[in-house]
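[1] quick one, fold the following:
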Amino acid sequence: MASVSSGQTRPGTIYVPVERGMTEPPSVLLSTGFFHRRNILKVVRREMREAGLHPVDFLDYADPFPADPTTVPMVDLIRRADAFLTIIDTQYVMTRIRIRSKQIDREFEEAVRAHVLIGLLVRERNRSAPKSVDERLNMTVQRFHELHSRLGSPGVLMVRRVPESPALYGQEIRSLIVSMGLMLKSESDLDIADSLRSIPDQSPAPVCVEERNGRIALVNNRDSALSATERDFNAWREPVHDHIRELLSGDFRTGTNHSRARDRLVALATLLTGDTSDVKERQFRVGYEIERLGRLVVAYRSDADDMPSLNAAVLEELDHLHIALVMGIGKLERWSAFQRAAAADPLGEGDASPAEISAAVDDMASKMEAEPKYFDPELPHSFRFLAEATKDPVGATKAVVYGTVKSAENLIIFLSQRALGIGKSAVGAVEQHISKAVAAALIAGLSGAALQISGALPTAWAWLSPLLKALAKGGGR
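    Now for the predicted structure:
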């Protein structure tokens, strides 16, 4: 460690690593944004020490902030650290000294350019602050994500939203710092090859992928198993479908103020038509619509301000329909396996921010649409559906968020195994049109969104950063 002194520093010695990756424990540079937030800074330092990380104090620059950041030690400090942690909150938005918020912006940009792991704490607005602060904080998070993606940083951006109350924010801070510690140790302490061997197989999810006709496509569910006979399944499906049509012609007809419930019912009426194999193929879309309908029933019962009133008898009828739908969709074994996995969710992935996951998955869909040679059009179409369902402010259950995360993960896992030549499934035994080099290039295009999803999770994908490093060094050749 080397000591850095300056006439512009706070009192006390500031220690910075001599060379990134050469210090033990890994160092995390703390943004100047923490310096006027003593309570939260104390929690951050304590959690870092418990996670085996070394917190490094940033320089407290004198005003005005230099127009050219290369004239101050900021760039060198960031490039010497293993990671960077910053915070935005009400003060960031409302400060009259705009130079302070601009300083945080510049520090973040330099951290992106330095390709370091970045942690971003977003603290909820103060109770006395106007509600517009929430919107501006969300816009800042989106802007930081876009900058991180645009500059193509191979580093990971992890975002956590923390409560305003000091009594409540400790858990989210601990979650972020533990995740950062695991990521740093996977980069500095573990052999990359070992990390790559930990790439998991695909999980039960709305999207599992395979190569078909030379393109990456959805795994076909038409021949998936039923836990009942086809006759029994149709004996459930047909009266339920009739019940939906009755509701659509009655209290949920066109022109009522129940458009959200009508949208769910219309979708279910369409998805449940056709023969049994058609419904099997659509089972995850049916399941997602049932999840969203269930949340609407809860919202109607809560009598929330943004929900129209509904006759008690009609609400009971809608609730009974939802129960019947849940019982019937459980006969489709792939959906049932997914439901069990979502209920277990040992890493808490269903607790990730729906807005951040939705934005990243939507970006992945755009990237796939730009590569029609390699992606079957049904795949980005499915990702658009998942993004729309996940950003539904009423209907995005934990199972919906979990399934969207796992769907994105499944796509990256498939491409990773192909890029690295890992034969973990039967697809390795058939002719492959997606070569290692093509798979590596496709991962590079999707890496920004993948990193955004990983950074939004309570526990980041530990294998993702080593994978990107291996491919950057030619691991996909």
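[2] let me see the mean pLDDT of the longest helix along the chain.
    Counting residues, the longest helix in the chain under DSSP state H turns out to be helix 398-420. Across helix 398-420, pLDDT averages out at 94.
[3] elements contacting the very next helix or strand once past that helix?
    Per DSSP states H and E, helix 398-420 leads on to helix 436-456 as the next helix or strand towards the C-terminus. Taking 3 or more C-beta pairs under 8 Å, 6 or more residues apart in numbering; DSSP states H and E as contact, the helices and strands that helix 436-456 lies on are helix 132-150, strand 157-162, helix 354-369, helix 398-420, helix 464-472. (C-beta placed from N, C-alpha, C; glycine too.)
[4] out of the ones you listed, which one sits most buried?
    Highest mean neighbour count among the helices and strands packed on helix 436-456 (mean count of other C-beta atoms under 10 Å): helix 398-420, with a mean of 24.
[5] on that earlier part again, out of the helices and strands packed on helix 436-456, flag the one nearest residue 448.
    helix 132-150 (3.6 Å; C-beta to C-beta).
[6] next, the angle from the closest one to strand 157-162.
    Angle of helix 132-150 versus strand 157-162, following axes from the mean of the first three to the mean of the last three C-alpha atoms, to 10 degrees, is 170 degrees.
[7] got the angle between helix 132-150 and helix 354-369?
    With the same axes, to 10 degrees defining the directions, helix 132-150 sits at 30 degrees from helix 354-369.
[8] contacts for helix 132-150?
    88-90, 92-94, 108-109, 112, 118, 120, 122, 124-126, 157, 159, 355-356, 359, 363, 448-449, 451-452 (C-beta atoms under 8 Å, 6 or more residues apart in numbering).
[9] buried only: go through the residues you listed for me.
    Buried subset of the contacts of helix 132-150 (neighbour count, 16 or more other C-beta atoms under 10 Å): 88-90, 92-93, 108-109, 112, 118, 120, 122, 124-125, 157, 159, 355-356, 359, 363, 448-449, 451-452.
[10] burial count for residue 296?
    22 (other C-beta atoms under 10 Å).
[11] oh sorry, the question was meant for residue 275
    Residue 275 has 10 neighbouring residues, counting by other C-beta under 10 Å.
[12] where does it fall, phi/psi-wise?
    Backbone torsions of residue 275, given as degrees, to the nearest 10, read phi -80, psi 180.
[13] could you do residue 304 as well?
    Torsion angles, degrees, to the nearest 10, at residue 304: phi -60, psi 150.
[14] and the strands in this protein, which stretches?
    If DSSP state E is used as the criterion, the strands of the chain fall at 2-4, 14-16, 27-30, 54-57, 83-88, 117-123, 157-162, 209-212, 215-218.
[15] that older thread, export the helices and strands packed on helix 436-456 to TSV and append columns for distance to residue 317.
    As requested, these are arranged in TSV below (distance: least, C-beta to C-beta, whole Å):
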stretch	distance to residue 317
helix 132-150	37
strand 157-162	38
helix 354-369	29
helix 398-420	24
helix 464-472	46
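[16] do you know which of the ones you listed lies nearest residue 253?
    Nearest to residue 253 among these is helix 398-420; the distance by C-beta to C-beta comes to 26.9 Å.
[17] since that was my last question, I'll sign off now.
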